[in-house]
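Participant: the sequence isn't on hand, but the structure is:
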């Protein structure tokens, strides 16, 4: 496995994405496949901390509001 390190900056993130692209066809269980698995986990962690979450789907927003209001459940719809 290559020297995998934490993703702390945008430059690290871009380098990790480039490496993920290179490894996309790696065989599961191979050293390259293991590197891909670790890099994908690191990229997802970085994105969860640094990328905006976005908006929920309309249905998810309605379901959340109903659950928070306590007046009805999804099954009542």
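Facilitator: Right, received. Where do you want to start? Nothing here was measured: the structure is a model prediction, and the numbers come from that model.

Participant: which parts of the protein are strands?
Facilitator: Secondary structure of the chain (DSSP state E): no strands located.

Participant: residue 23 versus residue 31, what's the distance?
Facilitator: 10 Å (C-beta to C-beta, to the nearest Å). From N, CA and C alone the C-beta is placed, and that goes for glycine too.

Participant: would you mind finding the longest helix in this structure?
Facilitator: If you go by DSSP state H, the chain has its longest helix at helix 31-50.

Participant: on that earlier part again, tell me which of residue 31 and residue 23 has more neighbours.
Facilitator: residue 23 (18 against 11; other C-beta atoms under 10 Å).

Participant: surely the more buried one touches residue 35?
Facilitator: Yes. Between residue 23 and residue 35 there is a contact at 6.1 Å, judged by C-beta atoms under 8 Å.

Participant: show me the common contact partners of these two, please.
Facilitator: The contact sets of residue 23 and residue 35 do not overlap (C-beta atoms under 8 Å, 6 or more residues apart in numbering).

Participant: which parts of the lowest-mean-pLDDT helix or strand in the chain are buried?
Facilitator: Least confident helix or strand of the chain, by mean pLDDT, DSSP states H and E, is helix 58-69 with a mean of 83. Using 16 or more other C-beta atoms under 10 Å as the test for burial, helix 58-69 gives residue 63.

Participant: and residue 24, backbone torsions?
Facilitator: phi -60, psi -30 (degrees, to the nearest 10).

Participant: burial of it, as a residue count?
Facilitator: Neighbours of residue 24 (other C-beta under 10 Å): 7.

Participant: residues in contact with it?
Facilitator: Contacts for residue 24 (C-beta under 8 Å, 6+ apart) come out as residue 36.

Participant: just want the most central residue of this structure.
Facilitator: residue 44 (3.5 Å; C-alpha atoms, centre = their mean).

Participant: ok, now which ones touch residue 17?
Facilitator: Residue 17 touches residue 43, counting by C-beta under 8 Å, 6+ apart.
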